[in-house]
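>>> Following is a predicted model, sequence given first.
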Amino acid sequence: MVVETPENRVLFDYGLTPSKPPKYPMKVPRVDALFLTHSHLDHVGMSPYVCGEYGSTIWGSEVTLEVTVVLLQDSLKIAKYEGWSIPYDIHDVRRFTEESTIIRYGDRAHLGPLSVKAMDAGHIPGSTMYRIRENDGREIVFTGDINTVRTRLLEGAEPPVCDVLVMESTYAGRPHPPRKEVERAFLEKIEEVLDRGGRVIIPAFAVGRTQELVQVLSGIDEEKWLDGMGKRVSQIYLRNSDCLRSPGKLRSALKQFRFVRTPYQRNDAAKAPMVLTTSGMLDGGPVLEYIRRAKDDPKSAILLTGYQVEDTNGRMLIDTGSMEIEGQVQKVRCEVQHYDFSAHAGHDELVRFAEMSKAEDIVLVHGDNRKELAQDLESFSRVHLPSGDDEYTF
């Protein structure tokens, strides 16, 4: 989203679609500043381009800025390995670091006629909503991705009263089951697999999901290993402990895990009862080695914990029972289950959030099923469904 005044132009999030190869958005016009809501690549993946092209100032929470650099560097490494084009380089990522400014919850940034206030979005640690106020007093809230449900990792987001609400709609039309029920079913399945002599492979996103699952698994008294980028991100979160609901619980839960740091340890982890590892959609990372070694064992199980995007290995596994390993599509004969540990608000939570905001106008973005959500919002607000480069004046 670009907010334009006679004096300046401010951008909120600028990401890419993390497909194979990545898909890039339309080129953004020159902007004075870019505010990042959180560190997932579909929200930050193009931010170095803005730095390299325009020298724009980057704003975000401390943990968002730090984790974003880790993910951008990893994206460059993957693009180079795969031979994919990418519209920025390591110099632009360094420029990103140089141009970054921290904004904490409750703080305001003043940019000409605009003031921008940061608020907790409840999505992942450091995720931020922005309240944008103009000189005339009207307020726009840009949610980024939000979660209103309390989890082991975070408190849920509170709906801010505003004039215009620009809200994500990822789970429009799709409710989530209660979190406690998901956790209970997940832990019961792990116990079932271990009781029959199998091994449990838990693919997880490095950012947010790994840290929540570390705490969910803390009550299981079995040998547990942690592998992949989630280790590094966990340490970043603990250094920025104010972004967590309970830093002590995460720190304590991590102490129950053995960390994979060498190929020899990865071999040990592959023989252990349980491993929590990246990547969450099975498109790379250590998880492929663990699955390669367990795929023909019907006693073992792969427990997916995140949404599997189209054209990913994880979606192929769910749809066909096969996935690509070492360049070949191979049948997976171990058990495969999926658990909804989503960090997004579901349909009903989005409706409640929107209604409590008391916004006169609601702009729905970042979703494939916006019309279904719009139908439930039209009774109390004017709803807009932008496409492409649509412009609105409020």
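It's in.

>>> For the longest helix along the chain, give the mean pLDDT please.
As assigned by DSSP state H, the longest helix anywhere in the chain is helix 62-82. The average of the pLDDT scores along helix 62-82 is 96.

>>> continuing past it, what's the next helix or strand?
helix 90-98 (DSSP states H and E).

>>> Checking residue 189 next. Helix, strand or coil?
Each residue gets one of three states, and residue 189 gets helix by DSSP: H, G, I helix; E, B strand; the rest coil.

>>> neighbours of the residue nearest to it when sequence neighbours are not counted, just the number please.
Leaving out its chain neighbours, the residue that sits closest to residue 189 by C-beta to C-beta, 6 or more residues apart in numbering is residue 337, at 6.0 Å. C-betas here are computed from N, CA, C, even on glycine. Other residues within reach of residue 337 by the criterion other C-beta atoms under 10 Å amount to 14.

>>> Centre of the chain to the longest helix of the chain, how far?
Relative to its chain's centre, helix 62-82 lies at 14 Å (C-alpha atoms, centre = their mean, to the nearest Å).

>>> Which strands and helices lie in contact with that helix?
helix 41-44, helix 47-54, helix 90-98, strand 100-102, helix 230-239 (3 or more C-beta pairs under 8 Å, 6 or more residues apart in numbering; DSSP states H and E).

>>> I'd like to know which of these is closest to residue 115.
Judged by C-beta to C-beta, the one of the helices and strands packed on helix 62-82 that comes nearest to residue 115 is strand 100-102, at 14.6 Å.

>>> centre of the chain versus that closest one, how much separation?
20 Å.

>>> Which strands or helices does it pack on?
Contact partners of strand 100-102 among helices and strands, from 3+ C-beta pairs under 8 Å, 6+ apart: strand 57-60, helix 62-82.

>>> so which of the ones you listed comes closest to residue 101?
Proximity to residue 101, assessed across the helices and strands packed on strand 100-102 by C-beta to C-beta, is greatest for strand 57-60 (5.3 Å).

>>> residue boundaries of the strands in the stretch 251-394 of the chain?
For the stretch 251-394 of the chain, the strands defined by DSSP state E, counting those that start in this stretch occupy 257-259, 274-277, 301-304, 322-325, 328-331, 335-338, 361-365, 382-384.

>>> Mind checking those strands for the one nearest to residue 170?
When those are compared by C-beta to C-beta, strand 361-365 sits nearest residue 170, at 9.7 Å.

>>> so what does the closest one touch, helix or strand wise?
When contacts are defined as 3+ C-beta pairs under 8 Å, 6+ apart, strand 361-365 packs onto strand 164-168, helix 370-377, strand 382-384.

>>> tell me the mean pLDDT over the longest one?
Model confidence over helix 370-377 averages 97 on the pLDDT scale.

>>> Enumerate the positions of it that are buried.
370, 373, 374, 376, 377 (16 or more other C-beta atoms under 10 Å).

>>> Dump the helices and strands packed on strand 361-365 to a markdown table, plus distance to residue 314.
As requested, the helices and strands packed on strand 361-365 are arranged in a markdown table below (distance: least, C-beta to C-beta, whole Å):
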| stretch | distance to residue 314 |
| --- | --- |
| strand 164-168 | 22 |
| helix 370-377 | 24 |
| strand 382-384 | 32 |
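
>>> follow-up on the earlier one: mind checking how far the residue nearest to residue 189 is from residue 34?
For residue 337, the distance to residue 34 under the criterion C-beta to C-beta, to the nearest Å works out to 39 Å.

>>> what do you get for residue 304?
Taken as C-beta to C-beta, the spacing of residue 304 relative to residue 34 amounts to 33 Å.

>>> So between the two, which is more surrounded?
Ranked by neighbour count (other C-beta under 10 Å), residue 304 and residue 34 place residue 34 first, with 27 against 23.

>>> Residue 245 reaches residue 156, doesn't it?
No. Taking contacts as C-beta atoms under 8 Å, residue 245 lies outside contact range of residue 156: 10.0 Å.

>>> joint contacts of the two?
residue 150 (C-beta atoms under 8 Å, 6 or more residues apart in numbering).

>>> which residues in the stretch 251-394 of the chain form helices?
Counting by DSSP state H, counting those that start in this stretch, one finds helices in the stretch 251-394 of the chain at the ranges 263-271, 287-294, 313-320, 347-357, 370-377.

>>> quick one, which of these is packed in tightest?
Stretch with highest mean neighbour count among the helices of the stretch 251-394 of the chain: helix 287-294 (a mean of 20; mean count of other C-beta atoms under 10 Å).

>>> ok, now how distant is the spatially most distant residue from the centre of the chain from residue 108?
Counting by C-alpha atoms, centre = their mean, the extreme residue of the chain relative to its mean C-alpha position is residue 136, 34.2 Å from that point. Separation of residue 136 from residue 108 (C-beta to C-beta): 17 Å.

>>> With residue 315 instead?
The span separating residue 315 from residue 108 equals 41 Å under the rule C-beta to C-beta.

>>> Over to residue 28?
The gap separating residue 28 from residue 108 is 24 Å, by C-beta to C-beta.

>>> Format the helices and strands packed on strand 100-102 as JSON lines; extra columns: distance to residue 149 and mean neighbour count.
Converted to JSON lines, the helices and strands packed on strand 100-102 look like this (distance: least, C-beta to C-beta, whole Å; neighbours: other C-beta atoms under 10 Å):
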{"stretch": "strand 57-60", "distance to residue 149": "23", "mean neighbour count": "24"}
{"stretch": "helix 62-82", "distance to residue 149": "20", "mean neighbour count": "19"}
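
>>> I'd like to know which of those is closest to residue 46.
Counting by C-beta to C-beta, residue 46 lies closest to helix 62-82 out of these; the figure is 9.8 Å.

>>> Could you pull out the buried residues of stretch 215-228?
Under the neighbour-count rule (16+ other C-beta under 10 Å), stretch 215-228 has 215, 216, 217, 218, 220, 224, 225, 226, 227, 228 buried.

>>> That one - what's its average pLDDT?
Here stretch 215-228 scores 97 as its mean pLDDT.

>>> Same question for stretch 248-262.
Here stretch 248-262 scores 97 as its mean pLDDT.
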